[in-house]
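A.B. asks: next one to model:
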Amino acid sequence: MDNDDVKIIEKKTLYHGHLTLDEIQLQHKKFHGGWTDPIKREVIQRVHAVGVLPYDPVRDEVVLIRQFRIGVWAAQQNPWLVETVAGLVEENETPEDVACRESIEEAGCVLTELHHICDYYSSPGMLRERVSMYCGLTDTTNAGGIHGLQVEDEDIEAIAIPWEAMQQKINDKKCLDAKIIFAMNWLANERECLRKRFTA
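C.D. replies: Predicted coordinates:
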């Protein structure tokens, strides 16, 4: 999109599939004045996403999921990544709608209360996607098992983990999912207040 600070010279779609890859030639204003020479950048066009950490303040457990992730596999790491529930915002959906829908689809958790944590860009050097993070209150009594939509070829394992055990994994730097780190940091500050509300 052109504005007073950016001039688009040319835009080409290089690939369109599950993601869209565009090549953009542009100039932008420089901090000290003037304009850059024409530069080329690739941008991955993708709708915005939502991540949610289901949390039971009574049992003091969080629910996380494991599923195959091609990007982690390509990095030659264990591709069954432990991460938060997440999904893409579909037409006519709010981020809150996505958080509730995906919690049921991926983890079998019905959320009773949602708390917005933050919005962030996961890789702003190339990815348009913005992620909205939430913590959703739930009952983890029967949490766990295999979930996911067959029509989307999803094979997802949901796991209920005590908060302290998950916090220790973060402290030990054993967590590779940024969504978990954002959500657990928020929960570390809000946990006692939430537990007092539901266990008093």
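A.B. asks: from here on, contacts and neighbour counts on C-alpha atoms
C.D. replies: Fine.
A.B. asks: and the helix or strand hosting Ser103, what does it pack onto?
C.D. replies: Using DSSP states H and E, Ser103 sits in helix 95-107. Judged by 3 or more C-alpha pairs under 8 Å, 6 or more residues apart in numbering; DSSP states H and E, helix 95-107 is in contact with strand 49-56, strand 61-68, strand 85-88, strand 130-137, strand 145-147, strand 156-162.
A.B. asks: what's the angle between that helix and strand 49-56?
C.D. replies: 70 degrees (axes from the mean of the first three to the mean of the last three C-alpha atoms, to 10 degrees).
A.B. asks: could you check the angle helix 95-107 makes with strand 130-137?
C.D. replies: Using the same axes, to 10 degrees: helix 95-107 against strand 130-137 is 70 degrees.
A.B. asks: need the next SSE after helix 95-107, C-terminal direction.
C.D. replies: Per DSSP H and E, the helix or strand that comes after helix 95-107 is strand 113-121.
A.B. asks: now do that next one: distance to the chain's middle.
C.D. replies: 10 Å (C-alpha atoms, centre = their mean, to the nearest Å).
A.B. asks: mind starting the numbering at 36 from now?
C.D. replies: Yep, numbering from 36; the last one is strand 148-156 now.
A.B. asks: circling back to that earlier point, to Glu45, which of the helices and strands packed on helix 130-142 lies closest?
C.D. replies: Closest approach to Glu45 among the helices and strands packed on helix 130-142 is made by strand 165-172 (24.2 Å; C-alpha to C-alpha).
A.B. asks: direction included, what does that closest one pair against?
C.D. replies: Under the criterion DSSP bridges, strand 165-172 sits next to strand 84-91 (parallel), strand 148-156 (antiparallel) in its sheet.
A.B. asks: mean confidence for that strand?
C.D. replies: Averaging pLDDT along strand 165-172 gives 97.
A.B. asks: got it, and stretch 179-189?
C.D. replies: Here the average pLDDT along stretch 179-189 is 83.
A.B. asks: helices and strands of this structure: which one bottoms out on pLDDT?
C.D. replies: strand 180-182 (a mean of 89; mean pLDDT, DSSP states H and E).
A.B. asks: in that one, which residues are buried?
C.D. replies: By neighbour count on 16 or more other C-alpha atoms under 10 Å, the buried set for strand 180-182 is His182.
A.B. asks: off-centre distance for the top helix by length along the chain?
C.D. replies: In the chain, taking DSSP state H as the definition, the longest helix is helix 213-234. Relative to the chain's own centre, helix 213-234 is displaced by 17 Å; criterion: C-alpha atoms, centre = their mean.
A.B. asks: the inter-axis angle of it versus strand 148-156?
C.D. replies: Using the same axes, to 10 degrees: helix 213-234 against strand 148-156 is 160 degrees.
A.B. asks: next one: Trp70 from His83, what distance?
C.D. replies: The gap separating Trp70 from His83 is 30 Å, by C-alpha to C-alpha, to the nearest Å.
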